[in-house]
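Next come a sequence and a model predicted from it.
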Amino acid sequence: MDSNFENSFSKLQQYVEKENYKGWDPYDGLNSKVFQAIPFIKNNRFCRLVWIQGFKKSPLNFRKLLLVTKGYNSKGIALFLSGYCRLYSIEPTEKNLQKIKELSTKLLEMKADGWSGYCWGYNFDWQARAFFQPKNTPTVVASVYASWALLEAYEILQDKNLLDAAESCCSFILKDLNRNYDAEGDFCFSYSPLDKSIVFNASLLGSRLLSKMYSVTKNELYKTEAKKSVSYCVKHQQSNGAWAYGLQSFHYWIDNFHTGFNLECIAAYQKYTGDTSFETAISKGFEYYINNFFEADGKPKYYNNKTYPIDIHAPAQLVITLYELGVIQKEEKLCSTVLNWTIQNMQDNNGYFYYQINQSVNSKIPYIRWAQAWMFFALATYKKAFHENRIV
């Protein structure tokens, strides 16, 4: 593999291992001990929203000053685990094996209790426009990434506890998440058990795990319910192939990496169930994706109609989307151009990747889940694709 990519991955791996996979997050502002010590603002929805957005959008990191400590994030741990599983498939070393064991154990320890199955949330209170999520409230997003990583670890370790935990998450998805139905009986899974939001990529992630577990167990319920969720989301695909983030009025934007999520999940449904009903949706969506979110020099746009802020999530998801759709060889030039641009413009000399680049002030805070975990998984996937001769 090109030394530029090898060196980039090596520096990132050294950084995350030195940090022991702990770090800050764009949304962890409510973990501030200063904020938590003031009841009036702590219990006020508007204050929570302003505080968390202030932390997220500030290019300066106030976390040490305002007593926000670094922590483990379940989705971040899951992405690191998936990355090491892909590394192990091409470099079956004792070190990589031990990392898989270590991170699998950590992920199981972090599960949320009190629900119908294994599930995971985030290590911070989270105030969004649509809802408030207390710390460790399970979400379909964190839960699916965690379960998927455990399945990848199971294939290597053959520890049935990992397989059982992943399947248990299907009970969480089917029994604890709320649903929004349409007239035909198709539905969208909610983001968490505490809300009724309609977010397409979140619902499709639920379908992704259900379809994967169908391929393992042949439980027809998993396939049936997964298809209803996919069908609901495909009905809301626009005629040009795009998806809005969701259906709430403040969710009606079209962005880069959530489009990639949608495509990856629908492709996974087809792969694991054998049902190719949604091939046209994938084809239209993919053409929209590669034609609207990446500039000629490799710069990844955030929105379909706006470049900035350039978010590290976008180039990371491109690699994964291309790999999972089986087109990384066909789109090798796009992939390498975007990765080269990202390494040159968004990787620090210390190895970590920046959060966002803006037209004026950049955010170079080394977020562990949002930036490092995603790029670790993406570059491990790129290495795997090269090893499989999908990239030459």
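Sure thing, it's come through.

Tell me which stretches of the stretch 151-300 of the chain form strands.
If you assign secondary structure with DSSP state E, counting those that start in this stretch, the strands in the stretch 151-300 of the chain sit at 179-181, 187-189.

Mind putting these into CSV with mean neighbour count?
In short, each C-beta sits where N, CA and C put it, glycine included. Conversion of those to CSV gives the following (neighbours: other Cβ atoms under 10 Å):
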stretch, mean neighbour count
strand 179-181, 14
strand 187-189, 25
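
Which one, of those strands, ends up nearest to Tyr145?
Between Tyr145 and these, the tightest spacing by Cβ to Cβ is seen for strand 187-189, at 14.9 Å.

Let's have the strands of the stretch 151-300 of the chain in CSV, adding distance to Ser3.
As requested, these are exported to CSV (distance: least, Cβ to Cβ, whole Å):
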stretch, distance to Ser3
strand 179-181, 49
strand 187-189, 43
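
Mind putting those into a markdown table with mean pLDDT?
Compiled in a markdown table, the strands of the stretch 151-300 of the chain are given as follows (pLDDT from 0 to 100):
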| stretch | mean pLDDT |
| --- | --- |
| strand 179-181 | 98 |
| strand 187-189 | 98 |
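
Quick one, which of those gets closest to Ser203.
Closest among the strands of the stretch 151-300 of the chain, once you apply Cβ to Cβ, is strand 187-189, at 4.2 Å.

what residue ranges in the stretch 1-150 of the chain are flagged as low confidence?
Within the stretch 1-150 of the chain, the stretches with pLDDT under 70 are 1.

OK, contacts around Ser116?
171-172, 174-176 (Cβ atoms under 8 Å, 6 or more residues apart in numbering).

one more time with 10 Å
For Ser116, the set of contacting residues under the criterion of Cβ atoms under 10 Å, 6 or more residues apart in numbering consists of 168-177, 193.

and what of Ala314?
Taking Cβ under 10 Å, 6+ apart, one finds 255-260, 293-294, 299-302, 338, 342, 356, 374 in contact with Ala314.

redo that, cut-off 8 Å
Contacts of Ala314 by Cβ under 8 Å, 6+ apart are 256-257, 260, 293, 300-302.

Which of these sits closest to Phe9?
Checking these against Phe9 with Cβ to Cβ, the nearest one is Pro300 at 18.4 Å.

between the contacts of Ser116, which is nearest Gln238?
Looking at the contacts of Ser116 and their distance to Gln238, the nearest is Leu177, at 25.2 Å (Cβ to Cβ).

Hmm, that closest one is touching Val140, no?
Yes: Leu177 lies in contact with Val140 (Cβ atoms under 8 Å); the separation is 6.0 Å.

what touches both of the two?
Common contacts of Leu177 and Val140 (Cβ under 8 Å, 6+ apart): 189-190, 192, 206.

Skipping its backbone neighbours, what lies nearest Leu49 in space?
Nearest residue to Leu49 in three dimensions, chain neighbours excluded: Gln127, at 4.9 Å (Cβ to Cβ, 6 or more residues apart in numbering).

my bad, Pro193
Beyond its immediate neighbours in the sequence, the residue positioned closest to Pro193 (Cβ to Cβ, 6+ apart) is Asp176, lying 4.5 Å away.

who's the residue nearest to Leu49 bridged to?
Here Gln127 shows beta-bridge partners Phe132, assigned using DSSP bridges.

contacting residues around it?
By Cβ under 8 Å, 6+ apart, the contact set of Gln127 is 30, 45, 48-49, 51-52, 133.

returning to that earlier point: buried among the contacts of Ser116? Need that as a selection in PyMOL.
To isolate the buried members of these in PyMOL, using 16 or more other Cβ atoms under 10 Å:
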select buried, resi 168+169+170+172+173+174+176+177+193
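
Out of the contacts of Ser116, which is nearest to Ile77?
The shortest gap between Ile77 and any of the contacts of Ser116 belongs to Cys169, at 15.0 Å (Cβ to Cβ).

correct me, but the closest one touches Gly117?
Yes: using Cβ under 8 Å, Cys169 is in contact with Gly117, at 5.3 Å.

gap between the nearest residue to Asn219 once chain neighbours are set aside and Gly76?
Leaving aside its sequence neighbours, Asn219 sits nearest to Met213 (Cβ to Cβ, 6+ apart; 7.0 Å). Separation of Met213 from Gly76 (Cβ to Cβ, to the nearest Å) stands at 23 Å.

Neighbour count: those two, which is higher?
Shown here are Met213 and Gly76; by other Cβ atoms under 10 Å, Gly76 has more neighbours (29 against 24).

Who are the packing partners of the helix or strand that contains the more buried one?
Assigning secondary structure by DSSP states H and E places Gly76 in helix 74-90. With contacts taken as 3 or more Cβ pairs under 8 Å, 6 or more residues apart in numbering; DSSP states H and E, helix 74-90 sits against helix 94-109, helix 140-157, helix 374-387.
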